[in-house]
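> My questions concern the predicted model and sequence given below.
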Amino acid sequence: MAKCALCGKHTIAGRSISHSHKVNKRWFKANLHKVRARINGKVARVYVCTKCLRRVEKVV
């Protein structure tokens with residue numbers, strides 16, 4: 001699975017617990033978007049989470 005190029009956020013495992021306390025495994029996925037960004041002076045397509053999307057320099 002992809003992870004954020006800036007902060008390293010990625011998919012983590014956890015549990016969902018129902019009202020009757022039945023436990024099931026589930027995945028918590030990061031909200032990632034593929035954007036064209038300028039990183040270290042070069043333009044690249046990278047996955048960025050929505051929190052980092054505000055601080056990355058986007059290229060149109």
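Perfect, thanks for sending it. Numbering: from 1, shown residues only.
> And the strands in the protein?
Ranges of strands in the chain, per DSSP state E, are 12-17, 23-28, 32-39, 42-49.
> To V60, which of these lies closest?
Comparing the strands of the chain by their distance to V60 (Cβ to Cβ), the top pick is strand 32-39, with 7.9 Å. C-beta coordinates here come from the backbone N, C-alpha and C atoms, glycine included.
> The closest one to strand 42-49, inter-axis angle?
Using axes from the mean of the first three to the mean of the last three Cα atoms, to 10 degrees, the direction of strand 32-39 lies 150 degrees away from that of strand 42-49.
> Please identify the buried residues of strand 32-39?
L32, V35, A37 (16 or more other Cβ atoms under 10 Å).
> contact partners of it?
Contacts of strand 32-39 with the rest of the structure, by Cβ atoms under 8 Å, 6 or more residues apart in numbering, involve 2-5, 9, 43-50, 53, 56-60.
> Pull out the buried residues from those.
Looks like the contacts of strand 32-39 have C4, A5, K9, V46, Y47, V48, C49, L53, V56 buried, using 16+ other Cβ under 10 Å.
> what's the fourth one in contact with, if anything?
By that I understand V46. Residues near V46 by Cβ under 8 Å, 6+ apart: A5, K34, V35, A37, I39.
> And for the first one?
With contacts taken as Cβ under 8 Å, 6+ apart, C4 has the following neighbours: H10, A30, L32, Y47, V48, C49, C52.
> Tell me the one among these nearest to S18.
Nearest to S18 among the contacts of C4, with distances taken as Cβ to Cβ, is A30, at 24.4 Å.
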